[in-house]
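Fold the stuff below for me.
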Amino acid sequence: MFFKNVRAACAREWHYLVEHPWDLALISWVPALALLLVWAIFAAGVNTKLPIAFVDEDHSQDSRELAIALDATRSVAITARPASLAEAGSWVRRRRVYAIVQVPPDWERRALRGDPLPVVLYTNEQYHAAGSSISTDVLGAIGAVSGRRVLTGLAALGGGFHGAERRSQLVHAELRSLYGPELSFERALAGAFLPSTLHLFVLGAAAFALGREFRDRTAGEWLSRSGGSIGAAVLGKLLPQLVCFAVLGTGILVWLAGYRGWSVHGSFIVWTAGLASLVLACCAIPALFVGLTGTLRVALALSAITNVTAISFTGFTYPLFSMTTGAKVWSQILPFHYFYEIQQQQWNIGAPISTSLTPLAVLWGVFILLPLAIALPRLAQRCRDPSGWGLR
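Residues are numbered from 1 along each chain as shown. Predicted structure coming up:
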C-alpha cells in the first residue's frame, strides 16, 4: 500500500512537471548546463601565460637571459617592458598585467663582485591565484639563471662543472606535493564546485516542490492522493527530482574519476555513497524548513543560506583550523562540510574507509533522519490545516 501511495504521488508530481516545462527544466537540463559551465571555467587546469611587466634596469647579458627564462615558463608571459617601476605600476593599475619583475641597475656586475642585488617581484594580491602561479615560476626562473652563473664561477676554481656541482651541494630543500601534485585547478576547483552547484539545485528544487503545495493551497489534495500517508506524499513528490539529480551526481563522479582520469585513491563506492547522502540531506532539510514555517519564501531563503556558505566553510578556501570558533561551529552545521570530507578522503587522499564512516553517519543521522523525524509530523499537520495555506 505504501508503494502504491508513493506511485500515486509521483504520478501527480510528474503530471505537474509535464504541464510546467520550466519547473521540469530546473531539475533536468538547467542544472546540467550549469554543471557544464562550472567545469568549462576550470577545464584549462592550470594558469598559463599570465601577463607580467619586466623592468630591466640592468640591460646586461644576465638580465636578458632572465627575460628569456621567464618567457619560457608555463604561467608567465612578458607582455610589457616599461622603462621604470613607476611606468610599470600604471600597467598594474589598468589591470593589464598581474605582476612586475624588476631587475635593478648593476645587478650582473655586483653579482660577479659577490655583492648581489635582489630581483624584486611585485604581485597584485587582489588576484591571489594568479600571483601564486607567477611567484612559483618567477622564483624558478631566477634560481635557474643564478644557479648557472654560480656554477660557472665555481667551475673556474678547478674540476670543471662536475667539481662545481659538488662544491655547491650544501643543504637543499626538496618539495613534494601530496594528493594532487599536478596542481590542477580543474581537479581542485571543479571537484569542489560541481557537487556544490548540484547541492544548490537540489536544495532549491526540493524547497520549491514542497512549499508550492501550501502556497497554491493544494496541500490537502497532495496528501489525499497519497492515501493520507505523509511519508509516501513526500517521497513520491521528490522522486522525480531524486532520479534526475542522481543521474547528474553520477555523471559528476564518472566525469571526474573516469573520463577526465583523476584516479580514485580510496573507495569509489564510499565517495558515491557520500554524494547520494548529500542529495538526500538536501531533500530532508528543505522538508524541515517547509514543515516548520509553512512558507515557500522563507524555506527558499533558508535553503539559499545553507548553500551559499557551503564552500567557504569547508576549509577549501580558508583553512578551517584558522577560523574563529563561530565559523567552525557554522561549518559543522552545514551538510556539505561532511560530504567534502568524504570526497577528499576517498578521492584524493586514499584514506581507510573507516575514516569516512563518521561524516557519513553524521549526514544520515543529523541531516537526513533527524530533519525528517521533525518535518513529517509538521507537514502532515499543515496539510490538514487550511488556515496556514496561501502564504508566500
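
Low-confidence regions, the stretch 251-392 of the chain specifically.
Residue ranges of the stretch 251-392 of the chain with pLDDT under 70: 392.

Please enumerate the helices of it.
268-293, 296-308, 325-333, 335-343, 353-364, 370-383 (DSSP state H, counting those that start in this stretch).

relative orientation of the fifth one and helix 325-333 in degrees?
Read it as helix 353-364. 90 degrees (axes from the mean of the first three to the mean of the last three Cα atoms, to 10 degrees).

Which among the helices of the stretch 251-392 of the chain is found nearest to E19?
helix 296-308 (18.8 Å; Cβ to Cβ). Backbone N, C-alpha and C define where each C-beta goes, glycine included.

which other helices and strands contact that closest one?
Here helix 296-308 touches helix 191-215, helix 268-293, going by 3 or more Cβ pairs under 8 Å, 6 or more residues apart in numbering; DSSP states H and E.

buried set for stretch 25-33?
Neighbour-count burial for stretch 25-33, counted by 16 or more other Cβ atoms under 10 Å, picks out L26, I27, S28, P31, A32.

swap in stretch 74-84?
Result for stretch 74-84 [16+ other Cβ under 10 Å]: buried residues S75, V76, I78, T79, A80, P82.

Likewise for stretch 354-364?
So, applying 16+ other Cβ under 10 Å, buried residues of stretch 354-364: S356, P359, L360, V362, L363, W364.

which ones are touching the closest residue to the last one other than its chain neighbours?
Across the structure, with Cβ to Cβ, 6 or more residues apart in numbering as the measure, the residue nearest W364 apart from its sequence neighbours is S277 (6.1 Å). When contacts are counted by Cβ atoms under 8 Å, 6 or more residues apart in numbering, S277 touches F339, L360, L363, W364, F367, I368.

Please tell me how far the last one sits from I374.
As judged by Cβ to Cβ, to the nearest Å, I368 and I374 stand 12 Å apart.

higher neighbour count, the two?
I368 (20 against 15; other Cβ atoms under 10 Å).

Can you verify my assumption that the more buried one contacts A284?
Yes - in this structure, I368 is within contact of A284 by Cβ atoms under 8 Å, at 4.8 Å.

Which parts of this protein are strands?
50-56, 76-80, 99-103, 120-123 (DSSP state E).

A43 - how many residues pack around it?
Neighbours around A43, by other Cβ under 10 Å: 12.

W22 now?
Counted with other Cβ under 10 Å, W22 comes out at 8.

will you turn the buried residues of stretch 25-33 into a markdown table that also has pLDDT?
Formatted as a markdown table, the buried residues of stretch 25-33 follow (pLDDT from 0 to 100):
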| residue | pLDDT |
| --- | --- |
| L26 | 93 |
| I27 | 94 |
| S28 | 94 |
| P31 | 96 |
| A32 | 96 |
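
wait, what's in contact with S263?
So S263 contacts A257 (Cβ under 8 Å, 6+ apart).

A188 versus that one, what's the distance?
Distance from S263 to A188, by Cβ to Cβ: 15 Å.

right, so the helices of the stretch 251-392 of the chain: which one is the most enclosed?
helix 335-343 (a mean of 25; mean count of other Cβ atoms under 10 Å).

ok, residues contacting it?
In contact with helix 335-343 (Cβ under 8 Å, 6+ apart) are residues 191-192, 195-196, 199, 270-271, 273-275, 277-278, 281-282, 285, 306-307, 310-311, 313-314, 316, 331, 356, 359-360, 362-363, 367.

That one versus helix 353-364: what angle between them?
Going by the same axes, to 10 degrees, helix 335-343 makes 160 degrees with helix 353-364.

Report the backbone C-alpha coordinates of helix 335-343 in CSV.
Output of helix 335-343 as CSV, limited to C-alpha atoms (Å, rounded to 0.1, in the frame of the first residue of the first chain):
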residue,chain,number,x,y,z
PRO,A,335,25.9,19.2,5.4
PHE,A,336,28.3,20.0,2.5
HIS,A,337,31.2,20.1,5.0
TYR,A,338,30.7,16.3,5.7
PHE,A,339,30.4,15.4,2.1
TYR,A,340,33.5,17.3,1.2
GLU,A,341,35.4,15.5,4.0
ILE,A,342,34.4,12.2,2.4
GLN,A,343,35.3,13.3,-1.1
